[in-house]
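Undergrad: Sharing a sequence plus its predicted fold:
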Amino acid sequence: MAWFRKDKKPRPPRPQRLEIPPDAWDKCEACGHTDIREKFSRNHNVCPSCDHHRRIRAYEYASLLLDEGSLDEKDVELKSVDPLEFPEYKGRLKKALEKAGEHDAILTLGGAMDGMPVHLGVMDFAFMGGSMGSVVGEKIARLGQRSLEKKWPLILVSASGGARMQEGVLSLMQMAKSSAMLAQLAERRIPYVSILTNPTTGGVSASYAMLGDAIIAEPGAVIGFAGPRVIKQTLGQDLPEGFQTAEFLLQKGMVDRVVHRHQLKRVVGSLLRHMSGKPAALGWSST
């Protein structure tokens, strides 16, 4: 009666072991939560466990803020050089270009935010720590000039360790250069919104980052001029807990609002429409 029995045959071994590639996973540096990298990416690089705002690249931030299909990059031809012949600077620039791309430490664009034309500059920490060199100052000045000519609001997203030491006083002069341009925008009543991400320090925080008509910060962002150790040594006393975080600065009136990355486009768009006294445009054109 073997005709109704099913003989069990051993399964042949798999010829190849399936493994998840190591770069498929990512880990939050704040809480240690490990998850699939794609999940972090879909969440705009905000940790799904502790809500820590991790750094994102300039193009990702621009895509987050501007309407799809409206991004128009400006001043791509501007490149950093070595005017002071600083030791090993040329080599570091070459490595930074290979790692971060051709836009130097800032990406500047024209585009639309909820249909409203704007100019946007986004610093990229991946390019030499987002350091402010001559190219950064020139790009901001040119973007501000375009805002003056077209009367478009200006948005700058800061992520920087400060001035680029390899360019010496030329780097420090970018503080005055960018601040002078922003003063012209203020005279013409053209809105300027500054968005501070982690970190915003040094000469950037001492210039255009803190000159916005509205200053918005991401949750947990470190914002300040010098580091805690330098300040403690200068003052000779202990510092308050978290005194350089966005939340602390909000309490002290240095920041107008702390906004989650998921809500940033809606909040900034609404703020700009209010400051401009205009409704969102139905269409946008780069011409």
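TA: Structure received. Numbering: from 1, shown residues only.
Undergrad: Contact partners for His44?
TA: By Cβ atoms under 8 Å, 6 or more residues apart in numbering, the residues touching His44 are Ile56, Glu60, Leu64, Arg261, His262. To be clear about C-beta, it is placed using only N, CA and C from the backbone, and glycine gets the same treatment.
Undergrad: Show me the longest helix that occurs in this protein.
TA: helix 168-187 (DSSP state H).
Undergrad: Put the alpha carbons of that one into CSV.
TA: Output in CSV follows, covering the C-alpha atoms of helix 168-187 (Å, rounded to 0.1, in the frame of the first residue of the first chain):
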residue,chain,number,x,y,z
GLY,A,168,43.4,82.8,6.6
VAL,A,169,42.1,86.3,6.5
LEU,A,170,40.5,85.7,3.1
SER,A,171,38.1,83.3,4.9
LEU,A,172,37.4,85.7,7.8
MET,A,173,36.5,88.5,5.3
GLN,A,174,33.6,86.3,4.1
MET,A,175,31.9,87.1,7.3
ALA,A,176,31.8,90.8,6.5
LYS,A,177,31.1,90.1,2.8
SER,A,178,28.0,88.0,3.4
SER,A,179,26.8,90.2,6.3
ALA,A,180,26.9,93.3,4.0
MET,A,181,24.8,91.5,1.4
LEU,A,182,22.2,90.5,4.0
ALA,A,183,22.1,94.1,5.2
GLN,A,184,21.0,95.1,1.7
LEU,A,185,18.3,92.5,1.7
ALA,A,186,17.1,93.9,5.0
GLU,A,187,17.0,97.5,3.6
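Undergrad: contacting residues around that helix?
TA: 83-84, 86, 131-134, 136-138, 140-141, 144-145, 147-148, 154, 163-165, 191-192, 203, 206-208, 211, 213.
Undergrad: Select only the buried ones of those in PyMOL?
TA: Filtering those down to the buried ones (16 or more other Cβ atoms under 10 Å) takes a single PyMOL command:
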select buried, resi 131+132+133+134+136+137+138+140+141+144+147+148+154+163+164+191+192+203+206+207+208+211+213
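Undergrad: one step back: most neighbours, which of the contacts of His44?
TA: Greatest neighbour count in those, by other Cβ atoms under 10 Å, goes to Ile56: 23 neighbours.
Undergrad: so where do the helices sit in this protein?
TA: 37-42, 58-65, 89-100, 134-150, 168-187, 202-205, 228-235, 246-251, 264-276.
Undergrad: quick one: buried residues of the second one?
TA: When neighbours are counted by 16+ other Cβ under 10 Å, the buried residues of helix 58-65 are found to be Ala58, Tyr59, Tyr61, Ala62, Ser63, Leu64, Leu65.
Undergrad: Can you tell me which helices and strands it packs against?
TA: If you count contacts as 3 or more Cβ pairs under 8 Å, 6 or more residues apart in numbering; DSSP states H and E, helix 58-65 packs onto strand 106-113, strand 116-123, strand 154-160, helix 264-276.
Undergrad: domain assignment for this protein?
TA: 17-54, 55-276 (automatic domain parsing).
Undergrad: Mean pLDDT for the ones you listed - can I get that in JSON lines?
TA: Below are the domains of the chain laid out as JSON lines (pLDDT from 0 to 100):
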{"stretch": "domain 17-54", "mean pLDDT": "87"}
{"stretch": "domain 55-276", "mean pLDDT": "95"}
